[in-house]
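Student: Could you work out the structure for the sequence below:
(4 chains)
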Protein chains: 2
Amino acid sequence: MSSDNPETRTRILKAALNLLEAGQGKSVRMTDIAKRAGISRQAVYLHFSTRAELLIATTYYLDEVKGAEERLVPSRATRSGIERLDAFIEAWGGYIPEIYGIAKALLAMKDTDEAAAKAWDERMQDMREGCEAAIKALKRDNRLSPHHSQKKATDILWTMLSVRNWEQLTIECGWPQEQYIETLKSLARRVFVVEDASN
Amino acid sequence: MSSDNPETRTRILKAALNLLEAGQGKSVRMTDIAKRAGISRQAVYLHFSTRAELLIATTYYLDEVKGAEERLVPSRATRSGIERLDAFIEAWGGYIPEIYGIAKALLAMKDTDEAAAKAWDERMQDMREGCEAAIKALKRDNRLSPHHSQKKATDILWTMLSVRNWEQLTIECGWPQEQYIETLKSLARRVFVVEDASN
DNA sequence: GTGTCAATTGACATGGTGTCAAGCGCCCTT
DNA sequence: AAGGGCGCTTGACACCATGTCAATTGACAC
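Tutor: You can find the predicted model right below:
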């Protein structure tokens, strides 16, 4: 079981979140999390039976805390496909730095841990739906470049917006977050948008 | 020291290579490599003092075996910037599947192992030089889009061509290698090339 | 034969995850 | 006020991979 005392449970989640955010990808041990939560290591296992399970629960907690859902509201509310594409890139691109710590941890486990892989893929699938919606909206407006099928365009946008690419551009290449967002918006336009595909 | 008997040394490297290629990213243990080389685990340590050192040596061995250098010759030999961009994408994009196994192993160690990180970054730096050269050639021809500075264009091309992106598009999205290459060439054109920037 | 050197064997340290069992303190019940 | 249940603690332990160490073997060289 992994529920009984909700107090301690959320203390653990908070601790995990803090450490993952602060560590920016540095590996965080069960011991560290326990210590931070002011609890014994074994108590952590009383609530989450594996590290993977804890990390996964942490992602849900993160979404709750940061209001992941609400962020996407503006992108859904926009009228034109182009606006929607922009709004989505802005929302997701702005969200990445907040989830980066935990994303990194999950990503690192992906290769060895089945559960971690599944959790991560699930979330990326959610994100992909956003991409797909933006592409569909473009298509509806007859502004989607005829170079790409809908599936292919979605694949490309999804890949462009990956956490790994954000990492490479901002952390390795030193781009400021602002530039990342602006550039990705402009790239997406160049790649996906045409004047009017119906003519 | 890590040299004395070149026979055994290359047997180890071959074993590592085989396993990494076959495993397509699955973690390969020192024990596995030793067994494959028909040698005791400790003998491996006689030649390579750490796993990281072995993996790094394996990348050099790989380059040697696959003739990494020669692959880039056609891209250097081309006249126009556009041809060079195409040739580079083809050469590098075609090389990725061959190095994928070891790339994955190195990438997985990057977070925890200093040496592995350095080795990987070094190789990516080499690759980046190819990107930079292609961008410079475009610029020289006045065909580089004025949207991007040379540095920024290099950053983008470098990121587009990352192993992670190849992985996502081919393995996760299921693109055939052929489609990967063609699409990346076409994307690069759309993103970087203009009719003639000097007018 | 004796030395040298690659390789073998087997034991051991380390560091992290996950397991197990016993015990402790606190609140709830009756 | 005694007894139970429950959340947590303590400490020992198994596991697994990397890396270390020391003693030994076997071949070839002089």
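Student: so what secondary structure elements neighbour the helix or strand of chain A with the lowest mean pLDDT?
Tutor: Scoring the helices and strands of chain A by mean pLDDT, DSSP states H and E places helix A:68-77 at the bottom, with a mean of 76. In terms of contacts (3 or more Cβ pairs under 8 Å, 6 or more residues apart in numbering or on different chains; DSSP states H and E), helix A:68-77 is packed against helix A:81-110, helix A:114-140. (Each C-beta comes from the backbone N, C-alpha and C, glycine too.)
Student: Report the angle between the shortest one and helix A:81-110.
Tutor: Comparing the axes of helix A:114-140 and helix A:81-110 via axes from the mean of the first three to the mean of the last three Cα atoms, to 10 degrees yields an angle of 170 degrees.
Student: which other residues reach whichever helix or strand comes after helix A:114-140?
Tutor: Using DSSP states H and E, the next helix or strand after helix A:114-140 towards the C-terminus is helix A:150-160. The set of residues external to helix A:150-160 that reach it, using Cβ atoms under 8 Å, 6 or more residues apart in numbering or on different chains, is A:124, A:127-128, A:131-132, A:134-136, A:138-139, A:144-145, A:148, A:165, A:184, A:187-188, A:191-192, B:165, B:168-169, B:173, B:175, B:183, B:187.
Student: right, is the next helix or strand along the chain from helix A:150-160 up against chain B?
Tutor: Where DSSP H and E defines the elements, the next helix or strand beyond helix A:150-160 is helix A:163-166. Yes: shown here: helix A:163-166 in contact with chain B (Cβ under 8 Å from any Cβ of the partner chain) through A:164, A:165.
Student: Domain parsing of chain A, as residue ranges.
Tutor: For chain A, automatic domain parsing gives the domain ranges A:6-64, A:67-192.
Student: Please tell me how far the residue nearest the centre of chain A sits from DNA strand D.
Tutor: Central residue of chain A (Cα atoms, centre = their mean): residue A:96, 5.6 Å from the mean position. Distance, residue A:96 to DNA strand D, by Cβ to the nearest atom of the strand, to the nearest Å: 32 Å.
Student: how far away is that residue from residue A:48?
Tutor: Note on residue A:96: its distance to residue A:48, by Cβ to Cβ, to the nearest Å, is 25 Å.
Student: So which residues on chain A come close to DNA strand D?
Tutor: A:4, A:5, A:7, A:8, A:38, A:39, A:40, A:41, A:42, A:43, A:46, A:47 (Cβ under 7 Å from any atom of the strand).
Student: what does chain A put close to chain B?
Tutor: A:25-27, A:104, A:108, A:111-112, A:147, A:152, A:155-156, A:158-159, A:162, A:164-165, A:168-169, A:173, A:175, A:183, A:186-187, A:190-191.
Student: so what's the nearest residue to residue A:145 once chain neighbours are set aside up against?
Tutor: Nearest non-adjacent residue to residue A:145, counting by Cβ to Cβ, 6 or more residues apart in numbering or on different chains: residue A:194, 4.8 Å away. Contact analysis of residue A:194 by Cβ under 8 Å, 6+ apart lists A:143, A:144, A:145, A:146.
Student: ranking these by neighbours, who comes first?
Tutor: Neighbour counts for those, by other Cβ atoms under 10 Å in any protein chain shown, peak at residue A:144, which reaches 23 neighbours.
Student: what's the burial count for the nearest residue to residue A:78 once chain neighbours are set aside?
Tutor: In this structure, residue A:78 finds its nearest non-sequential neighbour in residue A:84, 4.7 Å apart by Cβ to Cβ, 6+ apart. Using other Cβ under 10 Å, residue A:84 has 24 other residues around it.
Student: Return the residues in contact with residue A:84.
Tutor: By Cβ under 8 Å, 6+ apart, the neighbours of residue A:84 are A:75, A:76, A:78, A:133, A:134, A:137, A:138.
Student: just to revisit the earlier point, isn't the residue nearest to the centre of chain A right next to residue A:162, touching?
Tutor: No: Residue A:96 is beyond contact range of residue A:162, at 9.2 Å (criterion: Cβ atoms under 8 Å).
Student: And the residue nearest to residue A:145, what's its pLDDT?
Tutor: For residue A:194, the pLDDT comes out at 91.
Student: Disregarding residues adjacent in the polypeptide, which is nearest to residue A:110?
Tutor: residue A:117 (4.6 Å).
Student: how near is the one you found to DNA strand D?
Tutor: 18 Å.
Student: thinking again about what came up before, mind checking the helices and strands packed on helix A:68-77 for the one nearest to residue B:61?
Tutor: helix A:81-110 (26.4 Å; Cβ to Cβ).
Student: Between helix A:68-77 and that closest one, find me the angle.
Tutor: Using the same axes, to 10 degrees, helix A:81-110 lies at 150 degrees relative to helix A:68-77.
Student: Give me the spatial nearest neighbour of residue A:96, chain neighbours excluded.
Tutor: Residue A:96 sits nearest to residue A:166 (Cβ to Cβ, 6+ apart), 4.7 Å away.
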